[in-house]
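*Asks:* coords below, sequence missing:
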């Protein structure tokens, strides 16, 4: 696209989220992939699931070929106004204390984690000695 590329807002793009009218945002560009829906190797569901958001990560995670990247130029209709795209928030798991249902002390658990495998190893060694001598 030339220097006069049309600039779309995020809201402009999100309304195009149907099989007969599907736009995607990838790497700051807006793509009208409606005509490509039936030909997409991953199926139209993959494209539809990426509408209403920045699909850059989805696109990059798949590892598209160079020819697929070149094909994108045919569907590019403009740029996205980056100030209208919602900021991504990383998921942060809530802080929760470790749950110890039976209230067993941490010391006993650590001792058992050491002694049980040692006991199993001792039994296995004893069986090996017994079966070898008979």
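*Replies:* Noted; the coordinates are in hand. All values derive from a computational prediction rather than experimental measurement.
*Asks:* which stretches of the chain have low pLDDT?
*Replies:* Confidence mapping of the chain against pLDDT under 70 gives the ranges 1-4, 89-104, 134.
*Asks:* Show the residue spans covered by the strands in it.
*Replies:* Along the chain, counting by DSSP state E, strands occupy 7-8, 17-18, 21-26, 29-32, 76-80.
*Asks:* name the helices or strands packed onto the third one?
*Replies:* Pointing back at strand 21-26 there. Packing contacts for strand 21-26, counted by 3 or more C-beta pairs under 8 Å, 6 or more residues apart in numbering; DSSP states H and E, involve helix 10-14, strand 29-32, helix 44-49, helix 56-62. C-beta coordinates here come from the backbone N, C-alpha and C atoms, glycine included.
*Asks:* quick one, which of the strands of the chain is nearest to residue 61?
*Replies:* Residue 61 lies closest to strand 21-26 among the strands of the chain, at 11.8 Å (C-beta to C-beta).
*Asks:* neighbouring contacts of the closest one?
*Replies:* Identification of contacts with strand 21-26 by C-beta atoms under 8 Å, 6 or more residues apart in numbering yields 10, 13, 16-17, 30-34, 37, 44, 47-48, 50-51, 53-56, 59, 72, 77, 80, 85.
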